[in-house]
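*Asks:* please find the sequence and the predicted model below.
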Amino acid sequence: MSIMRKTSANIRTAAKEASHERIVQAAARAIRRSGYDGTGVADIMKEAGLTHGAFYAHFPSREAMLAEAADRAGAESNAFAANVIASVPPEQALQALMQVYLSKEHMAAIETGCPVSALGSEMPRQSPEVRRAATRRIKEMIDLVARQSPDWGQPGAHERALVSVATMVGTLMLARAVDDPALSDALCSAALKRLAPSGA
């Protein structure tokens, strides 16, 4: 009997974990698509295939869900960047990453792309837990870029990574913001041209 109870508890735990995962996945896409303020609990639960009432079995608050969504979105973005870097020779890694980041494909993929460029202007108004999660992933992104520098470990490498990440994120935000495709392309091309020498 105790084995049956244990098995039943394990099944319930696994089901709850799977439901939690669906909620976080849906929320990570939604914040990038609709912004933090445009992401409601009811819509996320519906997208995850769960009832609104089940939300508090998974999170103590909407802010807790948003923080986990921000963390997940940042983790996905950084994992994608790491895969780009791993797919090319080390001396080409930084340039390859910048080209992918500022590509038309990434610009169009706001729902699955970099959350910093999708949500940057909203972050200062979020709760401390959301900002903390986002900040941790931004630091990871900066470190990932810094490690591609030939002189990684030197003070200049970190500073160049700060400038590179700020330029990449800012450029993508502007390129998405304008309604002029030629200007959008020019912004990305100019940024790549300016960043290329340090990454070449």
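*Replies:* Okay, I see it. Bear in mind that the values here come from a model prediction, so they are computed numbers and not experimental data.
*Asks:* lowest-confidence helix or strand of the chain?
*Replies:* When each helix and strand of the chain is scored by mean pLDDT, DSSP states H and E, helix 2-34 comes last, with a mean of 83.
*Asks:* how far off centre is that one?
*Replies:* In this view, helix 2-34 has its centroid 21 Å away from the chain centroid, taken as C-alpha atoms, centre = their mean, to the nearest Å.
*Asks:* and that helix, what does it pack against?
*Replies:* Packed against helix 2-34 by the contact rule (3 or more C-beta pairs under 8 Å, 6 or more residues apart in numbering; DSSP states H and E) you find helix 41-47, helix 62-86, helix 115-119. C-beta: built from backbone N, CA, C; applies to glycine.
*Asks:* show me what counts as buried in it.
*Replies:* Neighbour counts over helix 2-34 (16 or more other C-beta atoms under 10 Å) mark 19-20, 22-32 as buried.
*Asks:* where does the chain have low pLDDT?
*Replies:* Along the chain, segments meeting pLDDT under 70 span 1-6, 8-10, 197-200.
*Asks:* which residue is nearest the middle of this structure?
*Replies:* The structure's the chain has its C-alpha centroid closest to G74; by C-alpha atoms, centre = their mean the separation is 2.9 Å.
*Asks:* and it, what does it touch?
*Replies:* Neighbouring residues of G74 by C-beta atoms under 8 Å, 6 or more residues apart in numbering: 115-116, 133-134, 136-138, 140-141.
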